[in-house]
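Student: Sequence and predicted structure below; questions after.
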Amino acid sequence: MFGIDIHKLTEQFTFHAAEPMLFNSGLFLFLFTGFYGVYLLLSKQERPRLIFVILFSVYFYYKSSGFYFLLLLGSIVIDFFLAQWIGNSKKHWKRLSLLVVSLMANLGMLGYYKYANLIHQMFSAIAEITYKPLDIFLPVGISFFTFQSLSYTIDIYRKKLQPLKNFIDYAFFVSFFPQLVAGPIVRAADFLPQIHRPVFLSKEMFGRAVFLICSGLFKKAVISDYISLNFVDRIFDSPTLYTGLENLFGVYGYALQIYCDFSGYSDMAIGIALLLGFRFSANFNSPYRSKNITEFWRRWHISLSTWLKDYLYISLGGNRKGKIRTNINLMLTMLLGGLWHGASLKFVFWGGLHGMALMTHKFLSEMKFSITFSPIARKIGTVASILFTFHFVCFCWIFFRARSMEISWQILGQISQNFKPELSFDFLIGYKAVVLLMIVGYTLHFLPEKVDLAAQHQITKAPLLAKAALVTIVILIVVQVKSAGIQPFIYFQF
């Protein structure tokens, strides 16, 4: 009567390309519950605990990318020993040569799996031959763990860090599963000192973890997934079938979708790490409240933007070699930042738009104005700046999301030439659930920071039973809203 199908059971624990391991899946909740129990039992046994987390992390990555977990292990082994040799070498040329080997190993691996088809397509176009895509699987999170590993070897080359002597410590740092497949990109200088600290989870840490996990799950599985499946995907698949009004709201919807999707993952990753006693820096800080494009990049995907600044922009010379060179460095950084997001020229174009905007803002901010504005005028100017920056970012998202440049121009054409505002009431009635969730999403985003902190404080001081009730309620909402299978995180493809 209670027979168990062993085959179906084992199938749940093996890799399936269509069903990668996700934080918002029932399987992860089941596995993490068991993992966390063992983790707490090993809390006072440092070495067994570290090894246990490494093994779980490798399995987690296997469930995300199959046997490509060997790439992760290979990257860990190569950079661990290269870093030791760099740190122990006295001659500059030898240190530089070893760093180049690390760069070639990591970027070569990233280049093959992520950009081989793009290069092949461009070569085919130049040679005027038929393009046939190579059958290459993109391992989940490869852009994240290669950048994380590279930051370690570069910091050792720059003598900002001493190389680790224990392989287990380094394997723990790179493979730590909360941030492994979609960030945030954790720096060795921030993470390594935490490895050997006793496992400690204060009431404040636990309360913040519950808040972040619940808010991240709500943003991803309720807001992002619902508006994506029921509205945004339809608009970007066939923009000419919809009015300009619908296309415009589709763009607003995607701006909210990608924010809730990615920041939702980051929130859950930070919350899960907190449950394990580790602190990560924030990866998002209400980016659509930015007053200019420079501020936007200080608030959006903070771990990537700071990585590009510290390891690419500064390496190119930063702002130390004159205005012309500074602008060139800015543009190169954003073009390569765009290319990091995907093997397509549309991402390069998206990065170029942001590069031009950063150069323009830098030029304007260096100009001296002697005009004095009244307090009211300054407030109006602030609101106008936020609205302008938000709409510029939304304009750029069109090229980021659309499958091709042709679809991007179709969306812009519909918005500019076929708007049909007289259908606004019909639109609101026809998409009332989508509009409601967009209002909820943007309202939560633009709430003052003190409201966010007050909510965290209330959850922190609430009894354990209330916290459990909150988690249960969020899960029930997710189950009720879900209209299709579990949706992968957008940044899994990057």
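Tutor: Yep, it's here. Keep in mind the model is a prediction, meaning the values are calculated, not measured.

Student: what's the offset of stretch 73-85 from the middle of its chain?
Tutor: From the chain centre to the centre of stretch 73-85 is a distance of 25 Å (C-alpha atoms, centre = their mean, to the nearest Å).

Student: Let me fix that, I meant to ask about stretch 401-410.
Tutor: 23 Å.

Student: Could you list the buried residues of that stretch?
Tutor: For stretch 401-410, burial by neighbour count (16 or more other C-beta atoms under 10 Å) applies to 401-402, 407-408, 410. Heads up, the C-betas are built off the backbone N, CA and C, glycines and all.

Student: can you check stretch 159-168 too?
Tutor: Within stretch 159-168, the residues that count as buried by 16+ other C-beta under 10 Å are 161, 163-164.

Student: Setting the sequence-adjacent residues aside, check what's closest to residue 98.
Tutor: Counting by C-beta to C-beta, 6 or more residues apart in numbering, residue 98 lies nearest to residue 86, which is 4.7 Å off, once chain neighbours are set aside.

Student: Then residue 300?
Tutor: Once flanking residues are discounted, residue 300 sits nearest to residue 287: 4.0 Å by C-beta to C-beta, 6+ apart.

Student: In strands, which of the buried residues of stretch 401-410 appear?
Tutor: The members of the buried residues of stretch 401-410 all map outside strands under DSSP state E.

Student: Redo these as CSV? Include distance to residue 54.
Tutor: Shown next, in CSV, are the buried residues of stretch 401-410 (distance: C-beta to C-beta, whole Å):
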residue, distance to residue 54
401, 36
402, 40
407, 43
408, 43
410, 48
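
Student: in the strand or helix carrying residue 307, what counts as buried?
Tutor: In the assignment (DSSP states H and E), residue 307 maps to helix 302-308. Residues of helix 302-308 classed as buried by neighbour count (16+ other C-beta under 10 Å): 302-308.

Student: can you put these in a markdown table and add pLDDT and distance to residue 203?
Tutor: A markdown table is the format used below for the buried residues of helix 302-308 (pLDDT from 0 to 100; distance: C-beta to C-beta, whole Å):
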| residue | pLDDT | distance to residue 203 |
| --- | --- | --- |
| 302 | 92 | 27 |
| 303 | 91 | 27 |
| 304 | 89 | 32 |
| 305 | 92 | 33 |
| 306 | 91 | 30 |
| 307 | 90 | 33 |
| 308 | 90 | 37 |
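
Student: Make CSV from these and add distance to residue 351 to it.
Tutor: Listed next are the buried residues of helix 302-308 as CSV, based on distance: C-beta to C-beta, whole Å:
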residue, distance to residue 351
302, 17
303, 17
304, 12
305, 12
306, 16
307, 15
308, 10
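
Student: on that earlier part again, which helices and strands does the strand or helix carrying the residue nearest to residue 98 pack with?
Tutor: Assigned by DSSP H and E, residue 86 belongs to helix 69-88. In terms of contacts (3 or more C-beta pairs under 8 Å, 6 or more residues apart in numbering; DSSP states H and E), helix 69-88 is packed against helix 46-65, helix 92-127, helix 142-157, helix 167-175.

Student: Report the inter-axis angle for the longest one versus helix 69-88.
Tutor: In this case it means helix 92-127. Following axes from the mean of the first three to the mean of the last three C-alpha atoms, to 10 degrees, one obtains 140 degrees for the angle between helix 92-127 and helix 69-88.

Student: now do the third one
Tutor: Computed by the same axes, to 10 degrees, the angle separating helix 142-157 from helix 69-88 equals 10 degrees.

Student: And for the shortest one?
Tutor: For helix 167-175 and helix 69-88, the angle between their directions (the same axes, to 10 degrees) works out to 120 degrees.

Student: Which strands or helices does helix 167-175 pack on?
Tutor: Contacts defined by 3+ C-beta pairs under 8 Å, 6+ apart place helix 167-175 against helix 46-65, helix 69-88, helix 142-157, helix 188-195.
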